[in-house]
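Colleague: Quick one: sequence and predicted model below, then my questions.
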Amino acid sequence: HHRFINGAVEHVINTASNTSAYPSYDSHPNATGNKKATAEFIDLLNVFYSRWMGGAETDFPPTADAGSDQNVIEGATVTLDGSGSTDPDDGIDTYQWSQVSGSTVTLSDTTAVTSTFKAPSVALTGESFTFQLTVTDYSGRQSSDNVCIAVRKAAGPTCTPNGDVAPLGNPDGLVNVGDALITLRFALNLEPGHPTADELCHGDVAPLDSNGQPDPDGTITVGDALVILRRALGIISFSEITSSGRLITSDFTYQGGFQLPSDFNQGARGPSFYSNGNNSTGLLLVTGFDLLYDPAHPGESCWKPSWDCYAFFGEVVMPTPSKESNWEDLPEAKLVNQMASFDGGLAASVHREYLFVSGIECVPQRGSQTADKLYGSINLRTFM
């Protein structure tokens, strides 16, 4: 007697009667027993028919599905889900989760369909964790699939990376040699329980970027202590720039684009956002040239030496960005006022081969500044 049960073909040998192979409550040929025997026979017939048509015993392997890749912040509870795994014939018998890469984490259950873990603390650049799911069917065949979990840094406390960490636990708002010494002790792990999150945010000032400003890397090292010492001795200085955590690529989503005003010549070589503009709602500063006095050369850059060109900037109100396949369908920004010169006529005084405005930057009022300031740059090539 054969029957198909629990994903396998079972051979039952009994010297009495066929009915004795079934429990007494559904032994056939009663109605219940007949239904059960028929259901088992249909599955059994399909198995043997598949083997006969294939010329040999045929058993298809399962397909593992570890779920979609995820992007989470540190501290989040992550669920690994293998419920999408399938087997075309006798079903899945076991699930096995294992960690392939990344700092070691503890899974709640390595043999369940789903498993969880808590995303650990990571560096400012984030960290990726890879897990593998292996499924085994009742015939012993296996399949594996990987899933990647990208963990990014949570936003840290808002602070100023200025080197002010002393006295320990009670910063005094000054940067002196004492701050450098405390930072050095942090770097050498000589202060148990330190640095705190706030001390890390203030003391992580190295390396410096190309403008001599702090470019925090998420750790305090001897390099940070040296930068703070140089600042304390007046060798270097840097602006008080507020930082609330570093942004990474995955934090950004494309929102669309827009056009500059059609009467703005050679603009957007160096746009800069001005938060205090347009009644503090924000606007975009862009550079260009005012060539409206010469209609024979509309929209051209200032390459002709005989032209009295002036470097201009304009204040632009940005429309809501739109995602379009054709740039001509993008919404157009509007100039708030007429374009204004920022070069004081210097560009027009140079006997040049060509000239263009290469950048503009707004520096909001801070420190000893009494007002917002605008800085622009001009590139030109003179005749030899």
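Modeller: Great, that's in hand.
Colleague: contacts, neighbours, all on C-alpha from now
Modeller: Will do.
Colleague: Quick one: low-confidence residue ranges for the stretch 101-250 of the chain.
Modeller: Within the stretch 101-250 of the chain, the segments meeting pLDDT under 70 span 124, 155-158, 239-250.
Colleague: change it to 50
Modeller: 241-245 (pLDDT under 50).
Colleague: ranges for the helices of it?
Modeller: Remark: helices assigned in the stretch 101-250 of the chain by DSSP state H, counting those that start in this stretch are 177-187, 197-203, 222-232.
Colleague: Ok, which of those comes nearest Lys153?
Modeller: helix 197-203 (12.7 Å; CA to CA).
Colleague: buried set for that closest one?
Modeller: Asp198, Glu199, Leu200, Cys201, His202, Gly203 (16 or more other CA atoms under 10 Å).
Colleague: Of the residues you listed, which is the nearest to Asp179?
Modeller: Nearest to Asp179 among the buried residues of helix 197-203, with distances taken as CA to CA, is Gly203, at 8.5 Å.
Colleague: Hmm, that closest one is touching Leu184, no?
Modeller: No: in this structure Gly203 lies outside contact range of Leu184 using CA atoms under 8 Å: 10.0 Å.
Colleague: rewinding a little: okay if I get the buried residues of helix 197-203 as a markdown table plus distance to Gly163?
Modeller: Listed next are the buried residues of helix 197-203 as a markdown table, based on distance: CA to CA, whole Å:
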| residue | distance to Gly163 |
| --- | --- |
| Asp198 | 11 |
| Glu199 | 9 |
| Leu200 | 9 |
| Cys201 | 9 |
| His202 | 5 |
| Gly203 | 5 |
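Colleague: Can you report how many residues neighbour Lys373?
Modeller: 12 (other CA atoms under 10 Å).
Colleague: so how far is Leu284 from it?
Modeller: Here the criterion is CA to CA, to the nearest Å. By it, Lys373 lies 15 Å from Leu284.
Colleague: How about Val177?
Modeller: 41 Å.
Colleague: what sits against Ser368?
Modeller: By CA atoms under 8 Å, 6 or more residues apart in numbering, the contact list for Ser368 is empty.
Colleague: how much space between it and Glu191?
Modeller: 36 Å.
Colleague: go on, Leu200?
Modeller: Taken as CA to CA, the span from Leu200 to Glu191 is 13 Å.
Colleague: tell me the strands in the stretch 101-250 of the chain, going along the chain?
Modeller: Taking DSSP state E, counting those that start in this stretch, the strands of the stretch 101-250 of the chain run over residues 114-118, 127-137, 142-152.
Colleague: Of the buried residues of helix 197-203, which is the nearest to Val122?
Modeller: Nearest to Val122 among the buried residues of helix 197-203, with distances taken as CA to CA, is Leu200, at 14.1 Å.
Colleague: which residues does the closest one contact?
Modeller: Counting by CA under 8 Å, 6+ apart, the residues that Leu200 touches are Gly218, Thr219, Ile220.
Colleague: picking that back up, which of the buried residues of helix 197-203 sits closest to Gly344?
Modeller: Looking across these and measuring by CA to CA, the closest to Gly344 is His202, at 40.1 Å.
Colleague: Quick check: the closest one vs Gly75, distance?
Modeller: Taking CA to CA, one finds His202 at 23 Å from Gly75.
Colleague: likewise Thr136?
Modeller: From Thr136 to Gly75 the distance is 32 Å (CA to CA).
Colleague: More neighbours: those two, which one.
Modeller: Thr136 (21 against 16).
Colleague: Provide a list of residues in contact with Asn176.
Modeller: Ile228, Leu229, Arg231, Ala232, Leu233.
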